[in-house]
Every structure is written in C-alpha cells, then in structure tokens.
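Novice: have a look; sequence and predicted model below, questions after that.
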Amino acid sequence: MSESKAKSNVPGAVARALLVVALAIFPAMAIPSTAPDVAQSMILLAVFAGGIVFAEYASEYPGLIEFRFAAPFNRSRFALIALMAVLLSLLQRHGVEPGALSALAAKLASACGQMLDFTGSPVHLLAAALPSWVPEAHLTLVRDGAALSMVLAATTVIGFAAAIKLNAWPMGAGPFNVWINLPTFDPTAGNDVVLRLQRHARINVVLGLLLPFLLPAAFFASAVLIKPLTLLSPMGFVWGIVLWAYLPAALVMRGVAMARVARMIRVSRRRFADSEGNAFAHA
C-alpha cells in the first residue's frame, strides 16, 4: 500500500472511529441512573471499539469488516444500531428524567409493544423469558423496547432488500471485488463460488429469521447455568435488546447481500461466455 493511499484513508477512519466511540458512550451519558464504574467501563470499551474500527478502515487491505467498499451496507448497519441505542436510552431515561424526546420515544415504543405483543411473537417470548420476580413495569418496558427495536430492524432489512431488488446496491464504482468485501470468505476453496455464496446466503437468512425465537432460550439457560438475565440494569437493557434485535437483522442482510453477489457473478459469467461465443463466431 502506498503512503499517499494510506494517508487518504486516515480521515475517514478517524471519523468512523469517533462515531463508534460516541455511540458506545451515549447510553451511559444519557441515562442518569448509570453507575460511575459502569460509565467508566463503557468508555474503555468505546475506545477499544473505536481503535478496532480505525485500524480496519485506515488500512487499504481487508481485515474483518465485510462490504467495506459496497456502500451503504455498513452505514445502514451502523445507523440501525445507533437509532436503536439512542431510542432505548431515551426510553430508559424517561423513567428517571422525563423530557420531550424521551416522551416521544416512550410513545413510539408503547405503540410498537401493543402491536407486537401477541402469543408466539419474538417480543412476547423475550418478555416471557425474564424471571417471574421481575417487576411488571420492567416487563412492559422490555416489551416496548424490544418491539421498537424489532420494527426498526425489520424496516432496515426490508429497505436493504428493496435496494437490491431495484439494483441500487452495491453503489461502489467499478467491478465488485469479492476478496476485499468478503475477507472471511475464500472464493477459491471448495466448490463453485456461486454455489457456496448461495448456500451461505440461505444459511444466514434462515438463521437470522430463527434467531429472535431462539435467543429467549438463552435467558432460560442463564437462570439454570449462571445468573438469570433480567435486563434490569440500564446498560443491560439497552445493549441486551440492541443485540437481540440487531444480530438477526445483520444475518438476514448479510445473506441477502451474498445472494446478490452470487447473482452478479453469475451474470458476469454469462456475459463473458456470450462475448466469447460471439468472438468465436466472427473468427
């Protein structure tokens, strides 16, 4: 990598790292009931996460983050996490220091909670998985926060799928490079790359759709094996629900993106075969 190219990546890497740091510490700063030692721990985690993001984006070569050069995949994922974390923080803050923004977040969450609280729904399963001694008010808060997060996650996934359907993704100029956008996927290993991409896509989508129903089982398992997860702490409430809603959405988005890449490769092969055939016919 040339020195000039490395320097050109630094401003964008710094901006991304600062956004990650700000997002990580926002809940601790926004919720008044956060304990000082918890806030300090979140700052350390924020700096660590920001350092990883900076190192990844400052380098020209791929590391762990997928679809770095296929905007706006990662921007959509970050926006989803940020929106969920901010709204859940405001929802948690509303019970301590009510305000106009927190009241709006509470109203949105309550509407989503009433809409999605039916038998068999992931939101209902999550609330039911909490220990029986958890206060009713907290169960309602978890229900509303989980429902709001699920609506945001589903909206993001549907929007991304629509962008693919309209051929609006990926937006990057030039040919799609599988190596730099899927650094953990080896296109040379195993069977045909298109078949492997399609298989991985199906696995990711199916797992993402099942995960909201499977994750509540972890709450039951925690009560038996270690310590019951209650989501009573402010940070546990915010980040626990964020992970519960984000992980399935991220898997579905990854699966849909990989299916799109497989189609792009198949179309590229067909065009190459047609051009070769035409060249042979005119020879």
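Specialist: Structure's in. What do you need?
Novice: which residues does Ser268 contact?
Specialist: Ser268 sits next to Pro175 when contact means CB atoms under 8 Å, 6 or more residues apart in numbering. Any C-beta I mention is one placed from the backbone N, CA and C, and that applies to glycine too.
Novice: low-confidence bits of the stretch 1-150 of the chain, can you list those?
Specialist: Within the stretch 1-150 of the chain, the stretches with pLDDT under 70 are 1-7.
Novice: so where do the helices sit in it?
Specialist: 3-30, 36-58, 73-94, 100-116, 122-129, 136-165 (DSSP state H, counting those that start in this stretch).
Novice: against Asn191, how distant is the closest residue to Gly113 other than its chain neighbours?
Specialist: In space, and not counting its chain neighbours, Gly113 is closest to Asp144: 3.7 Å by CB to CB, 6 or more residues apart in numbering. Distance from Asp144 to Asn191, counting by CB to CB, to the nearest Å: 46 Å.
Novice: quick one: mean pLDDT over the longest helix seen in the chain.
Specialist: When the chain is parsed with DSSP state H, its longest helix is helix 234-281. The average pLDDT for helix 234-281 rounds to 86.
Novice: relative to helix 234-281, how tilted is whichever helix or strand His200 is part of?
Specialist: Using DSSP states H and E, His200 sits within helix 193-214. Here helix 193-214 runs at 160 degrees with respect to helix 234-281, directions being taken by axes from the mean of the first three to the mean of the last three CA atoms, to 10 degrees.
Novice: can you list contacts of helix 193-214?
Specialist: With CB under 8 Å, 6+ apart as the criterion, helix 193-214 contacts 122, 125-126, 150, 178, 185, 187, 190, 244-245, 247-259, 261-262, 265-266, 269.
Novice: ditto for stretch 175-191
Specialist: Counting contacts by CB under 8 Å, 6+ apart, the residues outside stretch 175-191 that touch it are 61-70, 170, 193, 196-197, 200, 258, 261, 264-265, 268.
Novice: do stretch 253-263 as well
Specialist: By CB under 8 Å, 6+ apart, stretch 253-263 touches 66-67, 70, 73, 76-77, 156-157, 160-161, 164, 169-170, 176, 178, 181-182, 193-194, 197-198, 200-206, 208.
Novice: run the chain-centre distance for the helix holding His200.
Specialist: In terms of CA atoms, centre = their mean, to the nearest Å, the centre of helix 193-214 is found 15 Å from the chain centre.
Novice: same check, this time on stretch 232-241
Specialist: 17 Å.
Novice: go on, stretch 208-226?
Specialist: 19 Å.
Novice: may I have it exported as CSV, CA atoms only?
Specialist: Presented in CSV, the C-alpha positions along stretch 208-226 are these (Å, rounded to 0.1, in the frame of the first residue of the first chain):
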residue,chain,number,x,y,z
GLY,A,208,-31.5,-14.7,11.1
LEU,A,209,-35.2,-15.4,10.9
LEU,A,210,-35.0,-18.1,13.6
LEU,A,211,-32.7,-16.2,16.0
PRO,A,212,-35.4,-13.9,17.5
PHE,A,213,-37.2,-17.0,18.6
LEU,A,214,-34.1,-18.8,19.8
LEU,A,215,-32.4,-16.1,21.7
PRO,A,216,-35.0,-16.0,24.6
ALA,A,217,-33.9,-19.6,25.3
ALA,A,218,-30.6,-18.1,26.4
PHE,A,219,-32.4,-16.3,29.2
PHE,A,220,-33.8,-19.6,30.5
ALA,A,221,-30.4,-21.2,30.2
SER,A,222,-28.8,-18.3,32.1
ALA,A,223,-31.2,-18.9,35.0
VAL,A,224,-30.1,-22.5,35.2
LEU,A,225,-26.4,-22.3,34.5
ILE,A,226,-25.2,-19.0,35.7
